[in-house]
Structure formats: C-alpha cells, structure tokens
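Colleague: Fold the following, please.
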Amino acid sequence: MVELTFLSAVSLAQRIREKKLSSVEVVETHLRRIDQLQPKLNAFVEVNQDRALRRARIADEALGRGEQPGSLHGVPLSIKSSIDVEGLSSETGSRLRAGYRASTDAPLVSRLKNAGAIILGTTNCPELLMAWETDNLLHGRTQNPWDLSRTPGGSSGGEAAAIASGCSAGGVGSDGGGSIRVPAHFTGICGLKPTPGRIPATGHFPPSLGPFALLGVVGPMARTVGDVKLLFETLQGPEDGDPSSVPIAIRWPTLQELKRLRIGYFEDDECTPVTAETRSAVRTAAEALARAGFEVRPFRPQGLEQARHLWWQLFRLGGSMLLDPMTKGREAELSPILKQFSLWASAEGPHTAHSLLETWMTRDSLRAKVFEQMRAFPILLCPVAAIPAFHHGERSWKIAGKTVDYLNAWNYTAWFNLLGAPAAAVPVSRSREGLPIGVQIAAKPWQEESVLAIAEVVEQECGGWKPPPIDA
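Modeller: Predicted coordinates:
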C-alpha cells in the first residue's frame, strides 16, 4: 500500500489518534516497503522489525485505554547511523566501529520516543561522514530512488533515500557542511540544518566538540515542511551534554510578521557556477515568494568566499583530529572515499595553536560582518549545490565552461555551517533528467521558525515533494 507510506507524518499521527489507522497497520506497511526497496536502495543498515511491531502494539493499546497520545504517536521514523539508538547499529559506516551498538538513546531519540514515535531502524552513511555521497566498506553503497545510478548524497544519504522512497515517514540526519541539505536536494525532500545548540547533538559520532561544535548539528528530514516543523518542535530544546545548548522558546511568526522580513536572493556566488536549471529554481522560488506578497530583491552578502575557506580550515582540522588517532595503523581498513578526504585534509599541512586561534577569530569577525549586511535582508534564498544528484563515483563537473570539482560543488551549504546560521532545503523543480532540484533558505542564528515558515510558502507555491520513480 504505497499510498499509506507516502502520507505525511502529520497526517499519519492524526489518523492514528482518530483511530482511522492503527499504529500496527502503519508500521507493518512501512516494514513491507523496506523489504521491497532495501535490495534496490540499501538505505538501512539495520531494521528491528520485532521491536517496531511490539512498540506499535503498545501504542495501539495505549490509545485503546484512552491515554493521551504524543504528537508523533505511532509514527514510524528512521535515524542516521551516526546517532545513538539503544540496541541498534550505530557504526557511522566504519569498520573501525564495526559491531558498535548504543547502550542508550541519544537525547533527541528519547524525545522522539517520548512523543510516541516508533524507530524502524538506522540508515546508511559514508565512513565517519566525510563525503557528500553514501558508500562505505561496512554496508556498501546507497542508491538514489530517483535514479539508481546516482547517489542520494551524503552524509545523510541513507536517511534521505529512506524518506524519499516512503520507507520512513521522516527522521534525523546530521550536517557539518551540507550533509542534511545536499541529500534533501538530491532526493527531493526537505531538511533543516539548525543553529548549533538548538537541537542537542549529544549521542552523535563524531561528537560535536571543539571545531565540530561550531559547524556540526543534527536536524530533521521529511517529505514536507510541515513534517520538518513537527519534528523540530519535538527535537528542539536545551540539553546539558551539548556545549552549544541555549534555552530558546519556540515562537512561530504570524503571517504579518513574516511578510515584514525582506528576502534577498542570488543565483550563484560568482565563484562556483551552478547549472542553468539550478539558477532557474532559485528564480522560480523568488517569484513564488513575490507572488505570495513578500518583498524579494537580488542580494548577496559579501564575504561568502572567505566563509567557505574558513569552513574548510575548521572542518579539515576537526576531521584530522578525529581521524588521525582512530586510523593510525589501520589505514588498510578505510574506504576509498575516506582515504581521499584524508589526503585533501592533510594537503595544507597541520594547524598550529596560532593558526587555529587566528581562523577562529577571523570566523567570528566575518560572522559579525555578514550578519550586519543581513539586517537589510534577514532571509536569504540561494542554491543548495552547484548540481543535482551526480552519478556514483563522479568527482568533477563541467558547468558554464568551468570545471567544478568535488569539494567546491557544495560551497553553498558550507557557508551557513561556518556562520552557525539555520538553513533549510525545500524541493522546487526538476532537471532535464527528471532529478529533483531544491533551494536553500537561511537566516540569522536562532531563527529556525522563520526559515521553516518561508520554506513552507515556497513549498505551497512550487508544489513540493513528488514521489520518485522507484516503483515504475
């Protein structure tokens, strides 16, 4: 029953509360969908059917007793395998962590379960998350449900493939340089990279400490913005284990408040070209917002190329700090993608204490300058990436007569990790090959509610998620 697996999480929760659907029926249908598509997609690393069905029965019994259901009561979700889910495989795609099973839930997983969600399983990712595609020596390669010859992106590629194909109603990924937004863009779903600390990253591997605490976050992914909003409401809130944690109350803006926010858009950064269809998608979204009554003007903040450079300095440092102790003497066990990342990271030489502090202070100074420019345009609209989903193994692309290499194709997301700003991806159009193309909506820190409200308008005006052709 494909139609049921393509219902939104909001709709599923409502129908279960109203007893129009049982949780057991919903979970069984999603498990059959996984059985059908896992051989094609390889989105999951582990599914615990018995536990999911047991919890579905408990959920139905609770409703039968008249207990008050949570906001996600009976809704089947999935979790990226870099996040601890008690009893499930959370190996982060690495032979170096083979066999690791979490003994407790990450705080965000506990919040989902407390809201009534049922965790189906954990999803695939590249080894130690160091790639914008999903492949590793432990669990293999994940395919894109729009075209099996292409990647669903990374590092939350398994999560994106599972959600886009109807194997899961939604879930959680992580993002240190586009790892939620790029897979969402590649598979035609929605995803939010929140401000560091808005959703607790405790229980994630690599841990969000030091440079990674500035860049890396966990966040919701789903087929609709409404579902991302529901997940965000459940996941957000302070937690002692997250060094960036801040108690920020949720406040959804009224339409009147929202329309006072001027929106600046740009089609490219004049450094990394994007495909013509990507430029068109940004224009389409800008025109849709203008039709909806927003003030939308061309605007691109200065300093984005410096932000990309600073991001790489911090990201490669964090990656090296993680990789070097883990991989020393075990290099033969590493996936080709991770070996390549290690070469890129080491090419510029190690940081010194002075260079690290200089990078950190320059980052803070640039951040203030960009946010000062955004006083005129508190919302930014731009591409997610230079290209739609690429074929497995590709490492460069010819766009507008220029070669765009693997590391630079995702500059459009890395800026907002460096700035610590919230950003969402929402689908808008299709490429000539029929692949999804999303746009990115960003704002200043702690403005997730405005980002998602604008994204929802874009979704309503542009049509939003469409089912992929995996069943054709």
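
Colleague: contacts and neighbour counts: CA atoms only from here.
Modeller: OK.

Colleague: most centrally placed residue in the chain?
Modeller: Geometric centre of the chain, nearest residue: residue 180, 1.7 Å, by C-alpha atoms, centre = their mean.

Colleague: surely it meets residue 174?
Modeller: Yes. Here residue 180 lies in contact with residue 174, judged by C-alpha atoms under 8 Å, at a distance of 5.9 Å.

Colleague: shared neighbours, these two?
Modeller: Taking C-alpha atoms under 8 Å, 6 or more residues apart in numbering as the criterion, residue 180 and residue 174 both touch 155, 156, 193, 219.

Colleague: now these in JSON lines, with pLDDT, secondary structure and distance to residue 396?
Modeller: Shown next, in JSON lines, are the shared contacts of residue 180 and residue 174 (pLDDT from 0 to 100; DSSP: H, G, I helix; E, B strand; the rest coil; distance: C-alpha to C-alpha, whole Å):
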{"residue": "155", "pLDDT": "98", "secondary structure": "coil", "distance to residue 396": "18"}
{"residue": "156", "pLDDT": "99", "secondary structure": "coil", "distance to residue 396": "21"}
{"residue": "193", "pLDDT": "98", "secondary structure": "strand", "distance to residue 396": "26"}
{"residue": "219", "pLDDT": "98", "secondary structure": "strand", "distance to residue 396": "28"}
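
Colleague: Leaving aside the residues adjacent along the chain, what's closest to residue 104?
Modeller: Leaving aside its chain neighbours, residue 104 sits nearest to residue 86 (4.4 Å; criterion: C-alpha to C-alpha, 6 or more residues apart in numbering).

Colleague: What is the neighbour count of residue 64?
Modeller: Neighbouring residues of residue 64 were enumerated by other C-alpha atoms under 10 Å; the total is 10.

Colleague: how many other residues sit next to the residue nearest to residue 104?
Modeller: Using other C-alpha under 10 Å: residue 86 sits among 15 other residues.

Colleague: Next one: it relative to residue 103, how far apart?
Modeller: Using C-alpha to C-alpha, to the nearest Å, residue 86 is found at 5 Å from residue 103.

Colleague: can you pull out the strands in the stretch 101-250 of the chain?
Modeller: 118-123, 170-175, 190-193, 217-222 (DSSP state E, counting those that start in this stretch).

Colleague: The first one pairs with which strands, parallel or anti?
Modeller: Its sheet considered, strand 118-123 pairs with strand 44-47 (antiparallel), strand 76-80 (parallel) by DSSP bridges.

Colleague: gap between it and the chain center?
Modeller: Strand 118-123 sits 16 Å away from the centroid of its parent chain (C-alpha atoms, centre = their mean, to the nearest Å).

Colleague: remind me which residues of this structure are low pLDDT?
Modeller: For the chain, the stretches with pLDDT under 70 are 1-2.

Colleague: Quick check: longest helix in it by residues?
Modeller: Assignment by DSSP state H gives helix 304-327 as the longest helix of the chain.

Colleague: Contacts only, for residue 28.
Modeller: Taking C-alpha under 8 Å, 6+ apart, we find residue 28 in contact with residue 53.

Colleague: before we move on, what about residue 216?
Modeller: Going by C-alpha under 8 Å, 6+ apart, residue 216 touches 174, 175, 176, 177, 196, 208, 417.

Colleague: one more time with 10 Å, if that's ok
Modeller: Counting by C-alpha atoms under 10 Å, 6 or more residues apart in numbering, residue 216 makes contact with 174-179, 193-197, 201, 204, 206-209, 315, 417-418, 420.

Colleague: How many residues are close by residue 233?
Modeller: Neighbourhood size, residue 233 [other C-alpha under 10 Å]: 15.

Colleague: what are the phi and psi values for the closest residue to it other than its chain neighbours?
Modeller: The spatial neighbour of residue 233 that comes closest, neighbours along the chain excluded (C-alpha to C-alpha, 6+ apart), is residue 250 at 7.5 Å. Backbone torsions of residue 250, given as degrees, to the nearest 10, read phi -70, psi 140.

Colleague: Would you agree residue 250 is in contact with residue 236?
Modeller: Yes. Residue 250 is within contact range of residue 236, at 8.5 Å (criterion: C-alpha atoms under 10 Å).

Colleague: And these two? Which one has more around it.
Modeller: Higher neighbour count among residue 250 and residue 236: residue 236, with 21 against 14, using other C-alpha under 10 Å.

Colleague: Find the nearest non-adjacent residue to that one, please.
Modeller: residue 199 (4.4 Å).

Colleague: who's in contact with the one you found?
Modeller: With contact taken as C-alpha under 10 Å, 6+ apart, residue 199 is in contact with 107-108, 193, 217-220, 232-239, 242, 244-246.

Colleague: Out of those, which end up buried?
Modeller: For the contacts of residue 199, a burial check counting by 16 or more other C-alpha atoms under 10 Å picks out 107-108, 193, 217-220, 232, 234-239, 242, 244-246.

Colleague: about what we covered before: filter the contacts of residue 216 down to the ones in helices?
Modeller: In helices, defined here by DSSP H, the members of the contacts of residue 216 are 315, 417, 418.

Colleague: and of these, the nearest to residue 448?
Modeller: Using C-alpha to C-alpha, residue 417 is the member of these that lies nearest residue 448, at 14.0 Å.

Colleague: what's the distance between that closest one and residue 188?
Modeller: Noted for residue 417: a distance of 21 Å to residue 188, by C-alpha to C-alpha.

Colleague: So between the two, which is more surrounded?
Modeller: residue 188 (35 against 28).

Colleague: Report the backbone C-alpha coordinates of the longest helix of the chain in PDB.
Modeller: What follows is helix 304-327, C-alpha atoms only, in PDB (Å, rounded to 0.1, in the frame of the first residue of the first chain):
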ATOM      1  CA  LEU A 304      30.900  34.200   1.300                       C
ATOM      2  CA  GLU A 305      34.100  33.000  -0.400                       C
ATOM      3  CA  GLN A 306      36.100  33.800   2.800                       C
ATOM      4  CA  ALA A 307      33.400  31.900   4.800                       C
ATOM      5  CA  ARG A 308      34.000  28.800   2.500                       C
ATOM      6  CA  HIS A 309      37.700  29.000   3.100                       C
ATOM      7  CA  LEU A 310      37.400  29.300   6.900                       C
ATOM      8  CA  TRP A 311      34.900  26.500   6.900                       C
ATOM      9  CA  TRP A 312      37.300  24.200   5.200                       C
ATOM     10  CA  GLN A 313      40.100  25.100   7.700                       C
ATOM     11  CA  LEU A 314      37.900  24.200  10.600                       C
ATOM     12  CA  PHE A 315      36.300  21.200   9.000                       C
ATOM     13  CA  ARG A 316      39.600  19.600   8.000                       C
ATOM     14  CA  LEU A 317      41.000  20.300  11.400                       C
ATOM     15  CA  GLY A 318      38.100  18.600  13.100                       C
ATOM     16  CA  GLY A 319      38.300  15.700  10.600                       C
ATOM     17  CA  SER A 320      42.000  15.300  11.200                       C
ATOM     18  CA  MET A 321      41.600  15.400  15.000                       C
ATOM     19  CA  LEU A 322      39.100  12.600  14.700                       C
ATOM     20  CA  LEU A 323      40.700  10.500  12.000                       C
ATOM     21  CA  ASP A 324      44.400  10.500  13.000                       C
ATOM     22  CA  PRO A 325      44.100   8.700  16.300                       C
ATOM     23  CA  MET A 326      41.400   6.300  15.000                       C
ATOM     24  CA  THR A 327      43.100   5.400  11.700                       C
END
